[in-house]
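give me coordinates for this.
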Amino acid sequence: MRKRSILSVIILGALAAALSAQSTLFYIELQAVGAYSSASAGIELFSLMPHDAMQKPSVGFDLVHRVSGRTRDIGVLAVQARLAYDHKGGGKLEPQLYNAYFRYKAGFADLWAGHSRPALGLSYGLDSHALLLPAPAMMGFGFDRDWGLGLHRDLDWGDAAFSLTAGSGMPLYLKGNFLAAARISRGVTARDNYSLGLSLAHGDILETMGYELMEPEPFRWTVASVDATYLWRNVENRVEVLFGQREGEATALLFWRSGLSLFAEGRLKVELQPVLTRTAGQWDYSLASGLTYLLSADLAGRFMVHYDHGRRDARFVVQLYYYKGL
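You can find the predicted model right below:
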């Protein structure tokens, strides 16, 4: 059922691509990824975890189609999907669906329905689709994408968002699970060079990793989060502090990502990312560092060193990422 639904969305994307080129943006995406793991003492063809939907050797597309009426824009259809090498599945290709939503411009706000980002923390505005460094949602604190609906309103001093989603992440499961989330922010990063956000989320959510259901039943999850982004010249800092409860036990995240852009137009970027977490009654941490070099306008090379204290695993990851508009 899941593969048939993904295939139908991909067909929908192909049909939309055939529409007017003046109102459609279409990109192809190719990536090669390999990692050395100290825990397994071997080469692995994925960035962090075999079950995760993060970086793997893949081919995909990204489509954005603007729907317009006679007098105004009506909305935007977005479809972003991949076929990725499935390490755990014996080398089979795994369909992955990231964006699959329609955003309607209602005037008072933008309304979306489909598969998009829940309104929670840094991950709401940080597109990690191509990046090696994991964002908070990829560490189990929220979902990078989720099925449902949401609202986003731009304000003079920032923005506000609300979402009601399934709380199952990449796949869609209906077991009485849900996630309600809201975020309000002060400052627009692209305009003001800073943003400060406050998020609240509550629900009965499922433990999923990629398309795998890790636990059969949903669990109660309630959190509050403060996130901040600050850009100064060629330096950027992103911070998120999250506290709450998971199944009646305290959960917490202290996340910091700092980046330095070098050379003309920031061609080289160096990043550091320490993270402190609390789950299942225990504190843990991970340390990561990344390099990104733009080989051309369409091709980027990335390298990451990631140490996970809980898994006692140091990973050295290399990625070539090609993204080109047609």
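
okay, now residue 248: neighbour count?
For residue 248, the neighbour count with other Cβ atoms under 10 Å is 8. (Each C-beta comes from the backbone N, C-alpha and C, glycine too.)

thinking it is in contact with residue 220, fair?
Yes - using Cβ atoms under 8 Å, residue 248 is in contact with residue 220, at 7.3 Å.

need the overlap of contacts for the two.
Overlap of the contact sets of residue 248 and residue 220 (by Cβ atoms under 8 Å, 6 or more residues apart in numbering) is empty.

residue 82 - nearest residue in space that isn't next to it in sequence?
residue 60 (3.4 Å; Cβ to Cβ, 6 or more residues apart in numbering).

same check on residue 208?
residue 169 (4.4 Å).

what about that neighbour, neighbour count?
For residue 169, the count of nearby residues is 28 (other Cβ under 10 Å).

and it, how far from residue 207?
Counting by Cβ to Cβ, to the nearest Å, the gap from residue 169 to residue 207 is 9 Å.

which parts of this protein are helices?
Assigned by DSSP state H, the chain shows helices spanning 2-17, 189-192.

report the distance from stretch 216-225 to the chain centre.
Mean-position distance between stretch 216-225 and its chain equals 19 Å (Cα atoms, centre = their mean, to the nearest Å).

ugh, wrong one, stretch 271-287
When distances are taken as Cα atoms, centre = their mean, stretch 271-287 is centred 19 Å away from the chain's centroid.

list the buried residues of it.
Buried residues in stretch 271-287, defined by neighbour count with 16 or more other Cβ atoms under 10 Å: 271, 273, 275, 277, 278, 279, 286.

what sits up against that stretch?
133, 139-141, 246, 249-260, 288-292, 306-310.

for residue 295, grab the count of nearby residues.
Neighbours of residue 295 using other Cβ under 10 Å come to 12.

which residues does the spatially closest residue to it that is not a sequence neighbour bridge with?
Of all residues not flanking residue 295 in the chain, residue 301 sits nearest, at 5.7 Å (Cβ to Cβ, 6+ apart). When assigned by DSSP bridges, residue 301 has beta-bridge partners residue 293, residue 320.

next up, the contacts around residue 301.
292, 293, 295, 318, 319, 320, 321.

possible to save these as CSV with pLDDT and distance to residue 236?
Output for the contacts of residue 301, formatted as CSV (pLDDT from 0 to 100; distance: Cβ to Cβ, whole Å):
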residue, pLDDT, distance to residue 236
292, 97, 12
293, 98, 17
295, 96, 21
318, 98, 23
319, 98, 20
320, 98, 24
321, 98, 20
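
selection in PyMOL covering whichever of the residues you listed are buried, please.
In PyMOL syntax, the buried subset of the contacts of residue 301 is picked out as below (16+ other Cβ under 10 Å):
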select buried, resi 292+318+319+321
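
just the closest of the contacts of residue 301 to residue 121, please.
residue 292 (22.4 Å; Cβ to Cβ).

okay, now the unreliable bits of this protein?
Low-confidence segments of the chain, defined by pLDDT under 70: 1-22, 89-91.

which one in it is furthest away from the centre?
Taking Cα atoms, centre = their mean, the residue of the chain most remote from its mean C-alpha position is residue 70, at 34.5 Å.

hang on, the earlier thing: can I get the buried residues of stretch 271-287 in JSON lines with distance to residue 197?
Shown next, in JSON lines, are those (distance: Cβ to Cβ, whole Å):
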{"residue": "271", "distance to residue 197": "20"}
{"residue": "273", "distance to residue 197": "19"}
{"residue": "275", "distance to residue 197": "18"}
{"residue": "277", "distance to residue 197": "20"}
{"residue": "278", "distance to residue 197": "21"}
{"residue": "279", "distance to residue 197": "23"}
{"residue": "286", "distance to residue 197": "23"}
